[in-house]
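>>> make a model of this:
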Amino acid sequence: MNVLVVGGGGREHALVWKINQSPLVGKLYCAPGNAGTSELAENVDIGAEDIEKLLDFARANDIGLTVVGPEAALCEGIVDAFATAGLKAFGPDKKAALLEGSKAFMKKILSDANIPTAKYEKLTDPASALKTLEKFNGKVAVKADGLAAGKGVIICQSHAEAAQAIDLMMVKRAFGAAGDSIIIEELLEGEEASMLAFCDGENFIMMPSSQDHKRIGDGDTGPNTGGMGAYSPAPVVTPKIESMVEKEVMGKVMEAMKKDGRPYKGILYAGLMLTDSGPKVLEFNCRFGDPECQPILMRLKSDIVPLLLASVDGNLKNLSAQWSNRSTVCVVMASGGYPGPYEKGKEIYGLKEAASTEDVVVFHAGTTLDNDRVLTSGGRVLGVTASGVTVAEAIDTAYEAVSKISWDNVVFRKDIGHRAVGR
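Residues are numbered from 1 along each chain as shown. Alright, predicted model coming up:
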């Protein structure tokens, strides 16, 4: 069976890496891909949101399964288009992808399903938003309602900071149409974690826990990014919490989506805050997190392709997934200036040396090939991912590999996994 992976980031390289291990796969393609995916698949010069061209390519190349990585394509209806053409595509359809596409819709589903979340208000104009701040104690999260590439959340410690965030989103329109309406919600106290599942519309298979590092700077400082590193498992997620999330979050939202006429297939990602009163949902994503995908897939012992096919076909109840007991850590190496403006085209050195480190896979994100040279082409450039018997061992191995890679003005956090050490 020929397989097409849609996307060109670190998540998609990890998917290509795992799918390539399956004996069920014949020819493997990635559109548009990056320098890393080109070593395992044939890159195709089609953008991830160019649905018509992707559909034409799938028809012409006998693609038996298309695996969609990025949320934008899912929210635009790529799965619907492929299904209409009689082709299998992994991911939620457009109606179900609204769970990530609109934070206001997500909050409605949470309310309908009686799933704990933060108190919130939805606003559609700056004046009302500013007035609504008076209902909160000053510490709030201001969120763009629509898709903002993982950067549309601003944590505010005061009314003044929240007012600036409202101005940035609704007046300056920093996130474009995504900020035409916003969510203001209470700032929850606790530790964040992520739980993901393969879903087939009715049944689901849980994945091990993970924890992302959203801020650009060590000690969780600076602006939010798409993610500067992740590890799995997250020790803060105890077996009791895992069981609670499976039953009270994932099970309930699957039922609520089905009841709403939006049966959910694909990856369901729950971003959680573990509070003193139990886990509360911060967000749902309709795809693998990036960089959570990298450490999670490194732990997956099972062939991923049957899980992907069963999710599309509604047959997950007949399958299970096997996971390694080892810990995994991903350290993101980024271009200086990210998440703001940054330069591209910097040559990357030391990739072969890093990749030869035992228990390490270097996943590419913002990279491109220039003859035999690998150049930077994005904000987040690499996800250096390592496994170890303990999380501390995995951290040490990951940073050993990181130390072998260099380019002009590279940045990375030096404390990925710090919360897990010593638990």
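
>>> what strand or helix carries the residue nearest the centre of the chain?
Centroid-nearest residue in the chain, with Cα atoms, centre = their mean: G289, separated by 1.5 Å. Taking DSSP states H and E as the definition, one finds G289 inside no helix or strand.

>>> state whether E242 is indeed within a strand.
No. Using DSSP: H, G, I helix; E, B strand; the rest coil, the secondary structure at E242 is helix, not a strand.

>>> for it, which non-adjacent residue is spatially closest?
In space, and not counting its chain neighbours, E242 is closest to S209: 6.6 Å by Cβ to Cβ, 6 or more residues apart in numbering. Where C-beta positions appear, they are placed from N, C-alpha and C, glycine not excepted.

>>> give the contact list for that neighbour.
Taking Cβ atoms under 8 Å, 6 or more residues apart in numbering, we find S209 in contact with A193, S194, M195, S232, P233, A234, V237, E242.

>>> highest neighbour count among the residues you listed?
Among the contacts of S209, the one with the most neighbours (other Cβ atoms under 10 Å) is S232, at 30 neighbours.

>>> quick one: contacts for that one?
Residues touching S232, when contacts are defined by Cβ under 8 Å, 6+ apart, comprise P208, S209, S210, Q211, E292, P295, I296, R299, S327, T328.

>>> which ones among those residues are found in helices?
Restricting the contacts of S232 to those inside helices, with DSSP state H as the criterion, leaves P295, I296, R299.

>>> most surrounded residue in those residues?
Comparing these on neighbour count, P295 comes out first with 30 neighbours (neighbours: other Cβ under 10 Å).

>>> tell me the contacts of that one?
Contact partners of P295, counting by Cβ under 8 Å, 6+ apart, are S210, A230, Y231, S232, T328, V329, C330, T385.

>>> distance to A321 and pLDDT for those residues - can I get that in TSV?
Below are the contacts of P295 laid out as TSV (distance: Cβ to Cβ, whole Å; pLDDT from 0 to 100):
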residue	distance to A321	pLDDT
S210	15	98
A230	19	98
Y231	19	98
S232	13	98
T328	15	98
V329	21	98
C330	20	98
T385	19	98
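
>>> so how do I select the buried members of those residues in PyMOL?
Here is the PyMOL command that selects only those of the contacts of P295 that count as buried (16 or more other Cβ atoms under 10 Å):
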select buried, resi 210+230+231+232+328+329+330+385
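
>>> which ones among the contacts of P295 map onto strands?
Judged by DSSP state E, the subset of those located in strands is A230, Y231, S232, T328, V329, C330, T385.

>>> state whether D396 is indeed within a helix.
Yes. Counting by three-state DSSP, D396 falls inside a helix.

>>> who's in contact with it?
Under the criterion of Cβ under 8 Å, 6+ apart, the neighbours of D396 are G388.

>>> state the pLDDT value of it.
For D396, the model assigns a pLDDT of 98.

>>> could you do A148 as well?
86.

>>> in three-state terms, label it for me.
What three-state DSSP gives for A148 is coil.

>>> tally of neighbours for it?
Counted with other Cβ under 10 Å, the neighbours of A148 add up to 18.

>>> what's near enough to touch it?
Each residue near A148 by Cβ under 8 Å, 6+ apart is listed here: F175, A178, G179.

>>> ok, D260 - how many residues close by?
The tally of other residues near D260 (other Cβ under 10 Å) stands at 18.

>>> show the contacting residues for it.
For D260, the contact set (Cβ under 8 Å, 6+ apart) comprises I109, D112.

>>> do you know how far K352 is from C293?
From K352 over to C293 the distance is 23 Å, taken as Cβ to Cβ, to the nearest Å.

>>> who's more crowded, these two?
Neighbours per residue (other Cβ under 10 Å) separate K352 from C293, with C293 holding more: 31 against 10.

>>> residue contacts, the more buried one?
Contacts here follow Cβ under 8 Å, 6+ apart; on that basis C293 touches G10, R11, A14, L15.

>>> please report phi then psi for the nearest residue to the last one once chain neighbours are set aside.
Taking Cβ to Cβ, 6+ apart, and ignoring the residues beside it in sequence, L15 has V5 as its nearest neighbour in space, at 5.2 Å. The phi and psi torsions at V5 (degrees, to the nearest 10) take the values phi -100, psi 130.

>>> partners of V5 in the sheet?
In this structure, V5 has the following beta-bridge partners (DSSP bridges): C30, V67.

>>> so it makes contact with L28?
Yes. Counting by Cβ atoms under 8 Å, V5 sits close enough to L28 to count as a contact (7.4 Å).

>>> looking at the two, which is more packed in?
Shown here are V5 and L28; by other Cβ under 10 Å, V5 has more neighbours (30 against 18).

>>> so for stretch 49-68, what gets flagged as buried?
49-51, 54-55, 57-58, 63-68.

>>> roughly how far out does that stretch sit from the chain middle?
Taking Cα atoms, centre = their mean, to the nearest Å, one finds stretch 49-68 lying 22 Å from the centre of the chain it belongs to.

>>> now do the nearest residue in space to K107 that is not next to it in sequence against A41, distance only.
If you skip the residues right next to it in sequence, K107 has Y120 as its closest partner in space, 5.8 Å away by Cβ to Cβ, 6+ apart. Shown here: Y120 relative to A41, a distance of 41 Å by Cβ to Cβ.

>>> so between the two, which is more surrounded?
The residue with more neighbours, out of Y120 and A41 and counting by other Cβ under 10 Å, is A41; that gives 25 against 20.

>>> so that one sits right up against N34, yeah?
No. Contact status for A41 versus N34: not in contact, 10.4 Å apart, counting by Cβ under 8 Å.

>>> flag the shaky bits of the protein, pLDDT-wise.
Under the criterion of pLDDT under 70, none of the chain is flagged as low confidence.

>>> before we move on, back to that, distance to V305 for the contacts of S232 - can I get that in JSON lines?
Putting the contacts of S232 into JSON lines (distance: Cβ to Cβ, whole Å) gives the following:
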{"residue": "P208", "distance to V305": "19"}
{"residue": "S209", "distance to V305": "24"}
{"residue": "S210", "distance to V305": "22"}
{"residue": "Q211", "distance to V305": "27"}
{"residue": "E292", "distance to V305": "20"}
{"residue": "P295", "distance to V305": "20"}
{"residue": "I296", "distance to V305": "16"}
{"residue": "R299", "distance to V305": "17"}
{"residue": "S327", "distance to V305": "25"}
{"residue": "T328", "distance to V305": "21"}
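
>>> tell me the one among those nearest to K139.
Set against K139, the nearest of these by Cβ to Cβ is Q211 (21.8 Å).
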